[in-house]
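In: Okay, structure incoming, though there's no sequence with it:
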């Protein structure tokens, strides 16, 4: 079973569709802060929960997913600048909660959906040698989330 956090959002719902089409058994965890029930297929299991809630750690542990695709996030740069604490809570603490829930439960793969490049600030392109220069709380928190994932020791993939 693959758990997709933020599975009712734009990116997450497309991943869920692709997993289901491939014969996988995706389970969606979403709080619908920015996702939409309309994005979900009827045959996909849904758990309505917030990754920022500490109780999600046990919820994920109990699910024992083989893989986790972590797409849940507070995604608005403008909101991050207006409410950096909310952004920190969702994008850093929420990521830490999802990692902790997956840790030690047999999860074989952890995929973290980060930022589309905002971590590197304004540039003409970034590669492995480009230093992070986030220009918003959103980008800063996504970068911190990347480091949490890296330091967790989980078998990971960070698409990019």
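Out: Right, received. Where do you want to start? From a predicted model like this one, the values you see are computed outputs, not experimental measurements. Numbering: from 1, shown residues only.
In: From here on, just use CA atoms for contacts and neighbour counts.
Out: Noted.
In: Off-centre distance for the longest helix along the chain?
Out: In the chain, taking DSSP state H as the definition, the longest helix is helix 137-152. Distance of helix 137-152 from the chain centroid (C-alpha atoms, centre = their mean, to the nearest Å) equals 11 Å.
In: Show me the shaky parts of the chain.
Out: 116-117, 120-121, 123-124, 156-160 (pLDDT under 70).
In: now the helices for it?
Out: Using DSSP H, helices in the chain cover 10-21, 56-63, 77-82, 84-88, 94-102, 137-152.
In: Tabulate those helices (a markdown table), appending distance to residue 71.
Out: Converted to a markdown table, the helices of the chain look like this (distance: least, C-alpha to C-alpha, whole Å):
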| stretch | distance to residue 71 |
| --- | --- |
| helix 10-21 | 6 |
| helix 56-63 | 15 |
| helix 77-82 | 16 |
| helix 84-88 | 14 |
| helix 94-102 | 10 |
| helix 137-152 | 11 |
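In: could these go into a markdown table alongside distance to residue 40 and mean neighbour count?
Out: Formatted as a markdown table, the helices of the chain follow (distance: least, C-alpha to C-alpha, whole Å; neighbours: other C-alpha atoms under 10 Å):
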| stretch | distance to residue 40 | mean neighbour count |
| --- | --- | --- |
| helix 10-21 | 6 | 18 |
| helix 56-63 | 20 | 17 |
| helix 77-82 | 25 | 15 |
| helix 84-88 | 25 | 18 |
| helix 94-102 | 21 | 24 |
| helix 137-152 | 25 | 20 |
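In: what's the closest of these to residue 114?
Out: Within the helices of the chain, the stretch nearest residue 114 is helix 137-152; the backing value is 5.9 Å (C-alpha to C-alpha).
In: Can you tell me which helices and strands the closest one packs against?
Out: Applying 3 or more C-alpha pairs under 8 Å, 6 or more residues apart in numbering; DSSP states H and E, we find helix 137-152 packed against helix 77-82, helix 84-88, helix 94-102.
In: Mind checking these for the one nearest to residue 10?
Out: Per C-alpha to C-alpha, nearest to residue 10 of those: helix 77-82, 16.4 Å.
In: can you list the residues that contact the closest one?
Out: 74, 86-87, 136-139 (C-alpha atoms under 8 Å, 6 or more residues apart in numbering).
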